[in-house]
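# Below are the sequence and a predicted model for it; my questions follow.
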Amino acid sequence: MHLVKEITPEIIKDIAEMLDMGMVCFYHKPTGTMDYYPDELKNPGYDEEPWAEVIDKIAENYGDYQRFEGMSSREAFEVMEDFIAGINYIPTHNKFIDAISRKKPFGNFNHLLQYHPDLREEWFKYKLERGIEYVKDQIG
């Protein structure tokens, strides 16, 4: 039986950031380290060759790892909606509601953030906080 190292706040943050970048993460319980590779669902057709060593290492010792997956599009959309709900200036709030109500809501949202640098900074912090909570919810 391997000892299981507690997942540190730093590793939880790293996992949240990698998940946000479209990776699937694996926490190696005996050593307390993290490995990752592109999530096939979020990166269809990615080139596995550069990731082969990591993929094989995880597959050969799968029981030693805890897998972490990113949010579904629906969950990510809800995070975006929650953030918009906190925008108190009504004209700006309404612009963001309109942006996510059309086709390509994520692209529209990110495009609109370019014109609101303060909100853009807040968004990155908020999204990371929510990502960290999402990772914590997956810790088994």
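It's in.
# Name the nearest residue to the most centrally placed residue in the chain, ignoring sequence neighbours.
The residue lying closest to the centre of the chain (C-alpha atoms, centre = their mean) is residue 20, at 2.7 Å. Nearest non-adjacent residue to residue 20, counting by C-beta to C-beta, 6 or more residues apart in numbering: residue 131, 5.5 Å away. Heads up, the C-betas are built off the backbone N, CA and C, glycines and all.
# Show the average pLDDT along the helix or strand in which residue 132 is found.
Element membership for residue 132, per DSSP states H and E: helix 117-138. On average, the pLDDT along helix 117-138 is 97.
# And it, what does it pack against?
On a contact count with 3 or more C-beta pairs under 8 Å, 6 or more residues apart in numbering; DSSP states H and E, helix 117-138 meets helix 9-20, strand 65-68, helix 73-85, helix 105-113.
# Pretty sure residue 12 sits against residue 133.
No - the pair residue 12 / residue 133 is not scored as a contact, 9.5 Å apart, by C-beta atoms under 8 Å.
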